[in-house]
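Colleague: got a sequence here, can you build the structure:
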Amino acid sequence: MNKILIIEDEKELRAELSILLANAGYAPVAVTDFTDVASQMREAEADLVLMDINLPNANGEALLQEYRKVSEAPVIMLTSRTTELDELISMSYGADDYITKPYNPTILLLRISAVLKRTRKTGQERLYRDVHVSSLKGTLSRNGSEQMLTKNEMLIFQFLLDHPGEIVSRDDLMTALWDSNEFINDNALSVNISRLRNKLQDLGLPDAIETRKKQGYILK
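Modeller: Here you go, the predicted model:
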């Protein structure tokens, strides 16, 4: 489940965004204290940030510029500003997308999904426990050790990583691979999961993927 940090000072809009994202299967976290937004952005370790440009005691574009020094997590700017200059500044500071208010909720969700998929493809590093996950290199790294994953193994691991603590069925995994243009049959799925488990075991995590009989798998 992707964690999305909401930085929006309008209370009603912030609440609406939280409900919209939660209903769409995301894990929203909202900033409510705007005295030190930069620290909260760093500490949140969000998969994506939704941020207004006009904030109390801060400027969203300046916060974005600072955030880019410490994180490559995608950022979508939400703003009532409509000039091309504002959009140009935001994008030049490292924004991944720019959406003006009022926005269409369905379009916003589509843009969020597109940004998450695009940044994953470009190799944004993620963390699982203390394992560094690099989709660009196709590797899992821990304590100086590195395991190279095949494309299908990485897709399976990323899907499990996107649903922490949730039981993921074999059908879910097959669909995820199909959506990524990687056709795989049931036997091949078992082989890929077995190999993925072995690589995680070599990194010292033999219990990472648990099988739930007749239900699926869960990443612990």
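Colleague: the helices in the protein, which residues?
Modeller: Using DSSP state H, the helices of the chain run over 11-23, 37-44, 60-67, 84-92, 105-121, 151-161, 170-179, 186-202.
Colleague: the fifth one: how far from the chain's middle?
Modeller: The reference is to helix 105-121. 10 Å (CA atoms, centre = their mean, to the nearest Å).
Colleague: which residues does it contact?
Modeller: 2, 4, 20-21, 24, 26, 47-48, 50, 72-74, 76, 96-97, 99, 135, 158 (CB atoms under 8 Å, 6 or more residues apart in numbering). Heads up, the C-betas are built off the backbone N, CA and C, glycines and all.
Colleague: and the residue positioned nearest the centre of the chain, what are its phi and psi?
Modeller: By CA atoms, centre = their mean, the chain has its centre lying nearest to residue 47, at 3.4 Å. The phi/psi pair for residue 47 (degrees, to the nearest 10) reads phi -80, psi -20.
Colleague: about what we covered before: what's the closest of the helices of the chain to residue 208?
Modeller: helix 186-202 (4.4 Å; CB to CB).
Colleague: now the closest one against helix 151-161, angle please.
Modeller: For helix 186-202 against helix 151-161, the angle between stretch directions is 70 degrees (axes from the mean of the first three to the mean of the last three CA atoms, to 10 degrees).
Colleague: residues of helix 186-202 that come out buried?
Modeller: For helix 186-202, the neighbour count (16 or more other CB atoms under 10 Å) marks 189, 192, 193, 196, 197, 199, 200 as buried.
Colleague: reformat the residues you listed as JSON lines; add distance to residue 165 and pLDDT.
Modeller: Below are those laid out as JSON lines (distance: CB to CB, whole Å; pLDDT from 0 to 100):
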{"residue": "189", "distance to residue 165": "21", "pLDDT": "88"}
{"residue": "192", "distance to residue 165": "22", "pLDDT": "90"}
{"residue": "193", "distance to residue 165": "18", "pLDDT": "93"}
{"residue": "196", "distance to residue 165": "18", "pLDDT": "95"}
{"residue": "197", "distance to residue 165": "18", "pLDDT": "95"}
{"residue": "199", "distance to residue 165": "21", "pLDDT": "95"}
{"residue": "200", "distance to residue 165": "17", "pLDDT": "96"}
